[in-house]
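A.B. asks: Got a predicted structure here, sequence first:
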Amino acid sequence: MKTRIIAISLFIVTLSSLSFRSADKKSSVKQRRATDPNGTVYIIVDKSDYELSVYDDDGWYATYPVVFGNKDLGDKLMEGDKKTPEGTFRITSKRVHDKWHRMMLLDYPNKDSWAKFKQRKAAGLIPANAKIGGGIAIHGTWPNDDLVVDDYTNWTNGCVSLKNEDIDEVNEYLTVGTKVIIRR
């Protein structure tokens, strides 16, 4: 009987701490202005805050929680490091994706990415035979796996991942050519 009471007590304490933890997390909060975006829309991904914020001609429009690849959140150095690149990019295509719900491909590597990569290679910061990589996108999660965003689980290979309902919403007003700024 005592064992059962102890087990139930531990279960209740665990549930309480989980509820408090998720209520305290920024990623459980989605904010959005009541009106539709106005004029030119662009996004800023802030890696240190795990947020994707949307701006338009009137200023701030919406903020969504996101996750990335590598836990250290540094700038992408080379293919395979699972880091999310920093810089200014453009959305080059949008499509439904069979694994990650929706995908908005970015123009990584672009001219600035190549310049940083070559500079780092010349300085010996990355191996001489390293490749720059590619295929960086903003996308959803596996089906029914939005919890990875709430738990700050960096799981991608360098992409930016949103909850599926959030990527659906963002997809409505981001177009091919939209500017994406990724910073730490």
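C.D. replies: Looks like it arrived, so ask away. Just so you know, these numbers come straight off a predicted model, no measurement behind them.
A.B. asks: Could you tell me how many residues sit around Val67?
C.D. replies: 23 (other Cβ atoms under 10 Å). All C-beta spots, glycine's among them, are computed from the backbone N, C-alpha and C.
A.B. asks: what are the bridge partners for it, then?
C.D. replies: Ser161 (DSSP bridges).
A.B. asks: Next up, the contacts around Glu169.
C.D. replies: By Cβ atoms under 8 Å, 6 or more residues apart in numbering, the contact set of Glu169 is Arg32, Ala62, Tyr64.
A.B. asks: if you set the cut-off to 10 Å instead, what comes out?
C.D. replies: Lys30, Arg32, Val54, Ala62, Tyr64, Leu162, Lys163 (Cβ atoms under 10 Å, 6 or more residues apart in numbering).
A.B. asks: Okay, and the beta partners of the third one?
C.D. replies: Per DSSP bridges, residues listed as beta-bridge partners of Val54: Ile43, Ala62.
A.B. asks: just the second one next, same as before
C.D. replies: Assessed by DSSP bridges, Arg32 has beta-bridge partners Ala62.
A.B. asks: let's number from 24 now, not from 1
C.D. replies: New numbering, starting at 24: the last item is Arg55.
A.B. asks: ok, Asn133 touching Ile205?
C.D. replies: No. Contact criterion Cβ atoms under 10 Å: Asn133 and Ile205 do not qualify, at 11.7 Å.
A.B. asks: Comparing the two, which shows the higher neighbour count?
C.D. replies: A count of neighbours by other Cβ under 10 Å puts Ile205 above the other of Asn133 and Ile205, at 24 against 15.
A.B. asks: out of everything not next to it in sequence, what's closest to that one?
C.D. replies: Nearest residue to Ile205 in three dimensions, chain neighbours excluded: Val68, at 4.4 Å (Cβ to Cβ, 6 or more residues apart in numbering).
A.B. asks: do the same with Trp123
C.D. replies: Computed as Cβ to Cβ, 6+ apart, the closest residue to Trp123 that is not its neighbour in sequence is His162, at 4.0 Å.
A.B. asks: count of neighbours near that neighbour?
C.D. replies: 21.
A.B. asks: My guess is it contacts Asp191. True?
C.D. replies: No. At 11.6 Å, His162 and Asp191 do not qualify as touching, with contact defined as Cβ under 10 Å.
A.B. asks: Now do the buried residues in the longest strand along the chain.
C.D. replies: Determined from DSSP state E, the single longest strand within the chain is strand 110-120. If you call a residue buried by 16 or more other Cβ atoms under 10 Å, then strand 110-120 has these buried ones: Gly110, Phe112, Ile114, Lys117.
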